[in-house]
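S.K.: What follows is a predicted protein model with its sequence.
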Amino acid sequence: MPGLVVFGRRWQIASDDFVFPGCFELFFRVLWWIGIMILFIYHKFKLDCNGRGVLYIYLVGLLVVLGLIILSLCVIVYVSAQGKLSTSKNFPGIRRFFPTLVYLRALLYIPELVWACLGAYWVSDDSQGCEPATVDAVIAAVVASWIILLFTGLGVLFVFDPMGSRFFPTPSSLAVKVWERRLRLLCCCLPQDESYRAVFLSIAQLFSRYFSDQELVPSDVAAGLSLLHRKQDKIDRSRDPEVIVDPSPSPPIGDDLEMQIEKAAHFMKFAAAAYGWPLYIYSNLFTAPCKICGACCGRPAADYDIVEGDHCSVSSILQSTGLQLSDLIHVSFHDQVYEIPFFVALDRQREAVLVAVRGTLSLQDVLTDLSAQCENLTIEGVIGSCYAHKGISQAADYIYKKLVNDGILNKAFSRAPEYKLVITGHSLGAGAAGILAVLLRNSYPTLQCYSFSPPGGLLSKALADYSKDFVVSVVLGKDLVPRLSMPNMEKLKKNIAEMVKNCSNPKYRILLQGCWYELFGGDPGDFPTEMDNRREEQLGQPLLGEESLMIRNPSSYQSMGSNDSPASSAPYLPLFLPGRVVYITEDRPSRRSCLSQVQYCAKWSDETEFGCILISPRMLVDHMPDGVLGALNSLTNNGP
């Protein structure tokens, strides 16, 4: 449903969004009316204490105003609950009168505001001679009136759409300015210099472009995501695993999956350690503070001359990895936009010079993640278009210059010339590690990179294929980040619009059922599909049709990134995961009891497995570094 048009503009709320806020306000209005009525009856003969009866008039008038408001709220809730969730611009049935109800409800705020002002004046001026209990009760009623008016004003500000002009289309320049102001407000604690302004502008342009053709209000998106989650679960549970064609490529000769998982479990410890003390304390709540504080406070400052920034996180790195302080070559916790922390160490167990890059942990890192435009890369020996995620590419270039120009790698290999180079990272760090490996490949032909939960929109097709020889990516379950790319976001937007368009149930019912399903689970087939059979069959194709097409014919998906496909033919350039992908999933719940340990299985996969975003409560949980490390350790102990 498009945003409601009242007072000459469009708002970020639809006519079917007033059920829950209306019921919430109605509940408190009724309680308030009952309380005022009890107050009036109990103090009826004490309100004429000053001989003028002003407080008596105030309570009677307040009861009348509240009664009218309660009546209007009942009508608004009833009308808002009628009809189906639809994107039609013509309000169906009785909801076409909803703007008139909004105007009538707005008019009732005028007497309520006037009465609240008069009540405040009368209580302060005419309460002499009244009993303290009576005055306190009337003061409480006046304060309650002002509190409700305040929250009403905040609600209006919350649903206000600065780009919601009814009569004129929103210029793209205005949309960019609005998004830029929002970003600056959210990042008000960061510097507002020219470099940050350029970042804000770049992200604002991306957001304004993505949301420019979006007419759905936020509640429509929430309902669409709920429907999409149940739809995907229903299709997933109805599949027969034996008849699905496995699109996974065979691993190269001599490259065993079990060996790669064992190596990944080892190097994931370093990727997690790069987060420093916050993740270490999160993973070891009871023992970590004592270990870190003891090691940090008892260590002379001269021992940390290789550290740039946070000294206490060095203790967590040593505790997490088992390294000695002498094994550390360089530790940097310098954190700015496009400049992310990393450390270099000698891994004597695997005989490797190891570079571990930290993932997203700060607001600056978030801005780096959101700078999702494409940036050209020039890599010698790569045939085809070479481009990558702008923010992550610049972060990788920052680390590359530190490693090469500052002589950090030369220092490491001077101490261990026979070691090989290994690069690792998680999330944002995984993306930066993948691009860093591409940049260093020609100088270090034997390097290896282990990229854990990397962003899906990272490398062009040519660079992704090039990286398959030396990069291994690890993805767990329904992790959102490896599926997060602008083309996939476009698919998600279209899928949500289709779900909303074809929905035949009211929004409040969809949201209630969705909350129940997310909190308590159950069989998605037990819930109404919100569509008739014809609509459901039609919608089944767009949701997973592209994914099934990719599985049946992967070349059709890969051709999106080929040179024969002009960049201008698609709204966003296709970007892919780096290297070969180890995909880890849980065994189906039917295979284990609720008290047994989670069992995992792993397989080689490719980009076709991550061609759409999967809606699930685990889409963020599966991305956490401790979860990835736990799954890898489980596979190492039990076998993939």
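M.R.: The structure has been received and is ready for your questions. Quantities reported herein were computed from a predicted structural model and do not represent experimental measurements.
S.K.: Please look at residue 611 and residue 492 and confirm they touch.
M.R.: No - here residue 611 does not reach residue 492: they are 11.4 Å apart, not a contact under Cβ atoms under 8 Å. Quick note: C-beta positions are derived from backbone N, CA and C, even for glycine.
S.K.: ok, residue 71 - how many residues close by?
M.R.: Using other Cβ atoms under 10 Å, residue 71 is surrounded by 11 other residues.
S.K.: Now do it against residue 195, distance only.
M.R.: Distance of residue 71 to residue 195, given as Cβ to Cβ, to the nearest Å: 57 Å.
S.K.: the strands in the stretch 151-300 of the chain, which residues?
M.R.: Counting by DSSP state E, counting those that start in this stretch, the stretch 151-300 of the chain forms no strands at all.
S.K.: show me where it has helices.
M.R.: Assigned by DSSP state H, counting those that start in this stretch, the helices in the stretch 151-300 of the chain fall at 172-186, 194-210, 218-238, 257-273, 277-283, 288-298.
S.K.: Which neighbouring elements make contact with the helix or strand containing residue 109?
M.R.: If you go by DSSP states H and E, residue 109 is part of helix 98-125. The contact analysis (3 or more Cβ pairs under 8 Å, 6 or more residues apart in numbering; DSSP states H and E) places helix 98-125 against strand 5-6, helix 54-80, helix 132-159.
S.K.: between the ones you listed, which one is nearest to residue 442?
M.R.: The closest of the helices and strands packed on helix 98-125 to residue 442 is helix 132-159. By Cβ to Cβ, the value is 53.1 Å.
S.K.: Buried residues, the closest one. List them.
M.R.: In terms of neighbour count (16 or more other Cβ atoms under 10 Å), helix 132-159 has its buried residues at 134, 135, 137, 138, 141, 142, 144, 145, 148, 159.
S.K.: from those, which single one is nearest residue 580?
M.R.: Nearest to residue 580 among the buried residues of helix 132-159, counting by Cβ to Cβ, is residue 159 at 47.2 Å.
S.K.: before we move on, the earlier item: which one, of the helices of the stretch 151-300 of the chain, ends up nearest to residue 372?
M.R.: Among the helices of the stretch 151-300 of the chain, the nearest to residue 372 by Cβ to Cβ is helix 194-210 (6.0 Å).
S.K.: Off-centre distance for that closest one?
M.R.: Distance of helix 194-210 from the chain centroid (Cα atoms, centre = their mean, to the nearest Å) equals 18 Å.
S.K.: Tell me the buried residues in it?
M.R.: Residues 196, 199, 200, 202, 203, 204, 205, 206, 207, 208, 209, 210 are the ones in helix 194-210 that count as buried (16+ other Cβ under 10 Å).
S.K.: Roughly how far does the last one sit from residue 203?
M.R.: Read it as residue 210. For residue 210, the distance to residue 203 (Cβ to Cβ) stands at 11 Å.
S.K.: One more: residue 64?
M.R.: With Cβ to Cβ as the criterion, residue 64 and residue 203 are 51 Å apart.
S.K.: for residue 65, same thing?
M.R.: 46 Å.
S.K.: Enumerate the residue intervals of the stretch 1-150 of the chain where per-residue confidence is below the cut-off.
M.R.: The model of the stretch 1-150 of the chain has pLDDT under 70 over residues 1, 43-54, 86-93, 123, 125-131, 133-134.
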